[in-house]
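Participant: Using only what follows, build the 3D model:
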Amino acid sequence: MGALRALVSFYTIFHMNITQEDMDDMETRFHLTPLVGLIFGFLVMIVSIIMLVLSETIGFGNGLVTAVLVLLTVYAGSKFLHFDGLTDFGDGMIVSGQQSDHIRALKDTLVGAGGIGVALITVLCSVAFYSMFGNRALMILVFPAIEVFVKNAMVIAASLGKPGNGMAARQVERTTSRSAVLGVFVSLIVLVILFAVGGLFLNIYSEIPWDEILPVMLITAVFGMVISAIVGCVMARTANRVFGMVNGDILGATNEVSRTLLVFFIRLFIKLYLTVILDGGAGP
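Facilitator: Below you'll find the model as predicted:
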């Protein structure tokens, strides 16, 4: 429980009284990070359900509004912690010079053109990709799951990264390939919980049959896990090459970059399923 308390306190706006022992436990059990995705998953699910109900009952809202509200929920809920890492990552990547120059830009407290550019592109793409779902019922399943996958990507990145000398150094150092495997299992357990709640809502409220819900769950789970692993791996290898390490900023950037890519590709694969397999069927 100490690790979970520390994770919640560190990665969310929900402050908890934690001790150094809790922090040490978190660094050793970083594979529990997808449990934070359960918290954000339920918050995002609530937002999505509210927008779905408003859209179906009084015609209020659209995909763009829902996209902005979902992103606002996860950004504010995480204290913009990962977003800050994204801007630092952008600055560090864009600068020219030797490895020391990249590290200096990464750790600079000022935000430069690289950070602003990367953050702007990531946010715009995220809004656009979330908007592609519209206010359709399937967002109740996909949007919460995304928050689990982004945390899994962080665990993968930490397991493959070289530790630096910052706050996340011990997290990276103590996160091994075994941790990555455990992180996948934790992610799958959390997904089952979110899918069960979301699926029941869609089955009862929207009267969508389970034979339409289950394929969307399967597509989301399979491709979500694969994409999160790929992004985590690429981010870690890129950071190891450019900065010689994976630190907290890299983990935060991994969280944000993976979210954007996950939303795009999961929507793409669901669309392919609806078009090719169901021959243009609407689906949930």
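
Participant: CA atoms for contacts and neighbours, from now on please.
Facilitator: Will do.

Participant: Tell me how many other residues crowd Gly115.
Facilitator: 23 (other C-alpha atoms under 10 Å).

Participant: so it makes contact with Asp84?
Facilitator: No. Using C-alpha atoms under 8 Å, Gly115 makes no contact with Asp84, being 9.0 Å away.

Participant: hey, what's in contact with both of these two?
Facilitator: Shared contacts of Gly115 and Asp84, defined by C-alpha atoms under 8 Å, 6 or more residues apart in numbering, are absent.

Participant: Compute the number of surrounding residues for the closest residue to Ala113 other than its chain neighbours.
Facilitator: Nearest residue to Ala113 in three dimensions, chain neighbours excluded: Asp91, at 7.0 Å (C-alpha to C-alpha, 6 or more residues apart in numbering). Burial measure for Asp91: 26 neighbouring residues, criterion other C-alpha under 10 Å.

Participant: do you know how far Asp91 is from Gln98?
Facilitator: 14 Å (C-alpha to C-alpha, to the nearest Å).

Participant: Just the pLDDT at Ser179, thanks.
Facilitator: pLDDT, Ser179: 96.

Participant: cool, and Val47?
Facilitator: At Val47, pLDDT is 98.

Participant: Could you pull out the buried residues of stretch 106-125?
Facilitator: Using 16 or more other C-alpha atoms under 10 Å as the test for burial, stretch 106-125 gives 106-107, 111-112, 114-116, 118-119, 122-123, 125.

Participant: Averaged pLDDT, it. What do you get?
Facilitator: On average, stretch 106-125 scores 93.

Participant: sorry, back to before: how about the buried residues of stretch 106-125 in CSV, adding distance to Ala137?
Facilitator: CSV is the format used below for the buried residues of stretch 106-125 (distance: C-alpha to C-alpha, whole Å):
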residue, distance to Ala137
Leu106, 40
Lys107, 42
Val111, 38
Gly112, 40
Gly114, 37
Gly115, 35
Ile116, 34
Val118, 31
Ala119, 29
Thr122, 25
Val123, 23
Cys125, 21
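
Participant: What is the most widely separated pair among those residues?
Facilitator: Farthest apart among the buried residues of stretch 106-125 by C-alpha to C-alpha are Lys107 and Cys125. That separation is 25.4 Å.

Participant: Pull the contacting residues for the residue nearest to Ala169 when sequence neighbours are not counted.
Facilitator: Excluding its sequence neighbours, the residue lying closest to Ala169 (C-alpha to C-alpha, 6+ apart) is Pro163, at 4.9 Å. Counting by C-alpha under 8 Å, 6+ apart, Pro163 makes contact with 169-170, 172-173, 245-247.

Participant: For Pro163, give the beta-bridge partners.
Facilitator: Val246 (DSSP bridges).

Participant: Tell me how far it lies from Val197.
Facilitator: 38 Å.

Participant: Torsion angles phi and psi at the residue lying closest to Gly244 once chain neighbours are set aside?
Facilitator: Of all residues not flanking Gly244 in the chain, Lys162 sits nearest, at 6.8 Å (C-alpha to C-alpha, 6+ apart). In terms of degrees, to the nearest 10, the main-chain angles of Lys162 are phi -90, psi 130.
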